[in-house]
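A.B. asks: next come a sequence and a model predicted from it.
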Amino acid sequence: MIDRAEDILKHTFGYTHFRGSQKSVIETALAGQDALVLMPTGGGKSLCYQIPGLVRDGMAIVVSPLIALMQDQVAALQQLGIRAAYLNSTLSREEAGATLRAIHDHELDVLYIAPERLLQDATLDRLCSVPVSLIAIDEAHCVSQWGHDFRADYLGLNVLRYAFPGVPRLALTATADERSREEIMMRLDLCEPKVFVSSFDRPNIRYIVKEKGEAKSQLLSFLQDYKQQAGIVYCMSRSRVDGIAAWLSQRGYKALPYHAGLPGEERQENQRRFLREEGIVMVATIAFGMGIDKPDVRFVAHLDLPKSIEAYYQETGRAGRDGQPSVAWMVYGLQDVVRIGKMVQDSNADEQFKRMERGKIDSLLAWCEATTCRRRALLRYFGEADAEVCGNCDVCLNPPKTWNATEAAQKLLSNIYRTGQRFGSGHVIDVLRGKETAKVKQFGHHSLSTYGIGADVSDQQWRSVIRQLIVQGYLLVNEQLYGAIQLTEKARALLRGDVSLFLRQDSAAAKPARAKRTP
Ligand code: ADP
Ligand code: ZN
């Protein structure tokens, strides 16, 4: 049977070799076994189910949450002479009826289907009445409630085990920390699945993380090197997306906005232009990108911090699918930390969930402040313990200088203590630097012993110190107190002078911001 698979690879798809674990996955499916396939975005997951689906008798069912992309995927298969169709809420009654008839008449090789549609009784009955070659569950991480793309409908997919006994099921995803792995297998009720884990390394992507200053001008100078190139700029909010897209357009970039608040037609049109035209910069919220297969995306820029390392990896993974050098560029600052913390706090999730979310943010923050190879840290996070330093990230290329920040940190901690642990970083820094603001006077903080003791350190540097102390667990941001910065238990040792502290020296990143403030 594997000969038949190779034959299809060559003659139907026109490729010479299987990539990575494709062949082993296909063998597993051909043997009728379940599998969990973890492959980074662009790794070639589709062939893993399309080919065995064609080799085995019957119709392959592909469950996907990406309704917007089904039409393209089906069209691409039809071009190759494969009898493919899809069922989702975008079809008219007549169209859906035609597809259901095609299923009944055994006229399909591959059916793409949205989970909510699949789980309708009438649909399930129809599908159960015809031979099914295999079931692929794409974007399988959507079943994970802890993940960043949870879809309630995915939870119902465990019925497939009993609805289609003996039919192999493949769960595929690009998100694969240990926890989601276990959860996917458990919730989908896979039967003794073989697990395939591909390396998550994307060697052609260079990782760059900078301290956020004037984010817009930082973006603009980054883009200097990418004129006429396609890329994605991720922002946190819809209004920021609109603002940045308009602003870039005024500066001669072919920039388009994309977010869930735009009318459907405009969104589709922008996506279509991004895929077909050259040199489009898509300014987007995370609503954009899942399943986007554009090979020559040269950069992915983050103007705001994502929620987790998984989200970051998935978003940046859209760069450089063609294997050519590409960049994942991000600026982040203290305000991101406070904002995300507040978002978590304000959500109506339960305490356990909030704790998890905070843990994820902390991992990402620690990664941002890395003083050793970012790629190695990223790969270790995904369970690749033996990764080596890469030579292709900002830390490897430009090792950050460190400085002995023990004394500065002591000043900061005592100042936070003296001001009552009730203020955000802005005020804390104003007091340290001896600025007579209205707020400083209102609270009488100009008469504190810590007033002005940190004037020798710039605002910028203080923010960096605060950030790193949060990441290292000496400080915490109390969302219930409007983002007040407070000392942790660990801070004591530092205050007593029992430990010394070396921090990353943030350098060039934020020069524009400083220049602006001191004319
Ligand atoms: P994923 O779903 O894992 O993100 P895809 O299945 O969309 O990735 O594949 C990414 C790209 O790699 C596609 O353009 C696909 O045609 C190409 N590809 C996949 N497998 C092979 C292969 N064995 N040889 C050459 N190209 C491949
Ligand atoms: Zn590196």
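C.D. replies: Sure, I can see it. Ligands and ions are numbered 1, 2, ... in the order given.

A.B. asks: okay, buried residues for stretch 438-448 please.
C.D. replies: In terms of neighbour count (16 or more other Cβ atoms under 10 Å), stretch 438-448 has its buried residues at 440, 443, 445, 448. In this view, the C-beta of every residue, glycine as well, is placed from N, C-alpha and C.

A.B. asks: wait, what's in contact with the nearest residue to Ala387 once chain neighbours are set aside?
C.D. replies: Spatially, and ignoring its direct neighbours in sequence, Ala387 is nearest to Leu379 (3.8 Å; Cβ to Cβ, 6 or more residues apart in numbering). By Cβ atoms under 8 Å, 6 or more residues apart in numbering, the contact set of Leu379 is 199-201, 387.

A.B. asks: repeat that for Ser414.
C.D. replies: Ser414 neighbours (Cβ under 8 Å, 6+ apart): 450, 495.

A.B. asks: what's downstream of the helix or strand hosting it, the next helix or strand?
C.D. replies: When elements are assigned from DSSP states H and E, Ser414 belongs to helix 406-418. Moving toward the C-terminus from helix 406-418, the next helix or strand (DSSP H and E) is helix 425-433.

A.B. asks: quick one: residues in contact with that next one.
C.D. replies: 334, 338, 411-412, 415-416, 419, 437, 439-440, 445-446, 448, 450-455, 457, 459, 462-463, 466, 485.

A.B. asks: ok, and for it, which residues are buried?
C.D. replies: 425, 427-433.

A.B. asks: any low-confidence regions in the stretch 251-400 of the chain?
C.D. replies: 291 (pLDDT under 70).

A.B. asks: interface residues of it facing ligand 2?
C.D. replies: 373, 375, 390, 393, 396 (Cβ under 5 Å from the ion).

A.B. asks: dump those into CSV; add distance to Asp72 as well.
C.D. replies: Below are these laid out as CSV (distance: Cβ to Cβ, whole Å):
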residue, distance to Asp72
Cys373, 37
Arg375, 31
Cys390, 34
Cys393, 33
Cys396, 37
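
A.B. asks: hmm, which two among those residues are most spread apart?
C.D. replies: Maximum pairwise distance in those, criterion Cβ to Cβ, is 7.8 Å, between Arg375 and Cys396.

A.B. asks: neighbour-wise, which of those two wins?
C.D. replies: It is Arg375, of Arg375 and Cys396, that has more neighbours when counted by other Cβ atoms under 10 Å, with 24 against 17.

A.B. asks: what's the local residue count around His141?
C.D. replies: Count around His141 with other Cβ under 10 Å applied: 26.

A.B. asks: and Leu127, by the same measure?
C.D. replies: 21.

A.B. asks: looks to me like it is in a helix.
C.D. replies: Yes: remark: Leu127 belongs to a helix, assigned using DSSP: H, G, I helix; E, B strand; the rest coil.

A.B. asks: per-residue pLDDT, it?
C.D. replies: pLDDT for Leu127: 96.

A.B. asks: contacting residues around Val337?
C.D. replies: 305, 361, 365, 467, 470, 477.

A.B. asks: leaving out chain neighbours, which residue sits closest to the closest residue to ligand 1 within the stretch 351-500 of the chain?
C.D. replies: The stretch 351-500 of the chain approaches ligand 1 most closely through Phe382 (15.2 Å), counting by Cβ to the nearest ligand atom. Among residues not flanking Phe382 along the chain, Phe200 sits closest, at 4.6 Å (Cβ to Cβ, 6+ apart).

A.B. asks: for Lys45, see how far away that neighbour is.
C.D. replies: Distance of Phe200 to Lys45, computed by Cβ to Cβ, to the nearest Å: 13 Å.

A.B. asks: again, but for Gly391
C.D. replies: In terms of Cβ to Cβ, Gly391 sits 28 Å off from Lys45.

A.B. asks: contacts for the helix or strand containing Arg355?
C.D. replies: Using DSSP H and E, Arg355 sits within helix 351-368. Contact partners of helix 351-368, identified using Cβ under 8 Å, 6+ apart, comprise 145-146, 209, 305-310, 312, 330, 332, 337, 340-341, 344-345, 347, 349, 374, 377-378, 381, 467, 470-471.

A.B. asks: between the helix holding Ser414 and helix 425-433, how big is the angle?
C.D. replies: Counting by axes from the mean of the first three to the mean of the last three Cα atoms, to 10 degrees, helix 406-418 lies at 110 degrees to helix 425-433.

A.B. asks: list the buried ones in helix 406-418?
C.D. replies: Buried residues in helix 406-418 (16+ other Cβ under 10 Å): 408-416.

A.B. asks: which residue does the stretch 101-250 of the chain bring closest to ligand 2?
C.D. replies: Nearest to ligand 2 in the stretch 101-250 of the chain, going by Cβ to the ion, is Tyr207, at a distance of 7.3 Å.

A.B. asks: wait, a helix at that residue?
C.D. replies: No: Tyr207 is assigned strand when assessed by three-state DSSP, not a helix.

A.B. asks: how many neighbours does it have?
C.D. replies: For Tyr207, using other Cβ under 10 Å, the count is 24.

A.B. asks: pretty sure it contacts Gly391?
C.D. replies: No: counting by Cβ atoms under 8 Å, Tyr207 stays clear of Gly391, with 11.7 Å between them.

A.B. asks: who's in contact with Glu277?
C.D. replies: With Cβ under 8 Å, 6+ apart, Glu277 has these contacts: Lys254.

A.B. asks: give me phi/psi at the nearest residue to Cys128 once chain neighbours are set aside?
C.D. replies: If the residues on either side of it in the chain are set aside, Cys128 comes closest to Ala163, at 5.8 Å by Cβ to Cβ, 6+ apart. For Ala163, the backbone dihedrals (degrees, to the nearest 10) come out as phi -70, psi -30.
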